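>>> Fold the stuff below for me.
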Amino acid sequence: MRIVNIIAYVLVIVGAINWGLVGLFDFNFVSMVFSGVRSVGSIITYTIIALAAIWLILSPFITDGVLWLKNRAAAD
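Numbering: from 1, shown residues only. As a prediction, the model looks like this:
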């Protein structure tokens with residue numbers, strides 16, 4: 001679960017940086033990479049980032065309020 005949490009954090013950070021670029025500079029990095037906002041690559045990227053955000057919201061409920069980013073043995 002540790003790896004999933006780290007990947008989810010990275011994806012959400014990428015999404016946040018993209019939205020920051022859209023808000024500040026009207027530049028959408030994801031649509032530039034995939035040649036359009038509604039291209040298949042952009043839709044898949046946005047969906048994966050949304051699923052990562054949903055995972056980060058639900059993960060603490062699944063693990064009794066703990067979002068593991070370290071090995072459990074190292075955290076004890």
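
>>> mean confidence for the strand or helix carrying Asn18?
According to DSSP states H and E, Asn18 maps onto helix 2-25. Averaged over helix 2-25, pLDDT sits at 94.

>>> Please apply the same query to stretch 36-50.
Here the average pLDDT along stretch 36-50 is 95.

>>> again, but for stretch 59-74
72.

>>> one step back: buried residues in the helix or strand following the helix holding Asn18?
As assigned by DSSP H and E, the chain's next helix or strand after helix 2-25 is helix 29-33. Neighbour-count burial for helix 29-33, counted by 16 or more other CB atoms under 10 Å, picks out Phe29, Val30, Ser31. In this view, the C-beta of every residue, glycine as well, is placed from N, C-alpha and C.

>>> now stretch 59-66
Buried, per 16+ other CB under 10 Å, within stretch 59-66: Ser59.

>>> Stretch 12-24 now?
For stretch 12-24, by 16+ other CB under 10 Å, it's Val12, Val14, Gly15, Asn18.

>>> now, among these, which is nearest to Val66?
Of all these, Val66 sits closest to Val12, with 18.1 Å by CB to CB.
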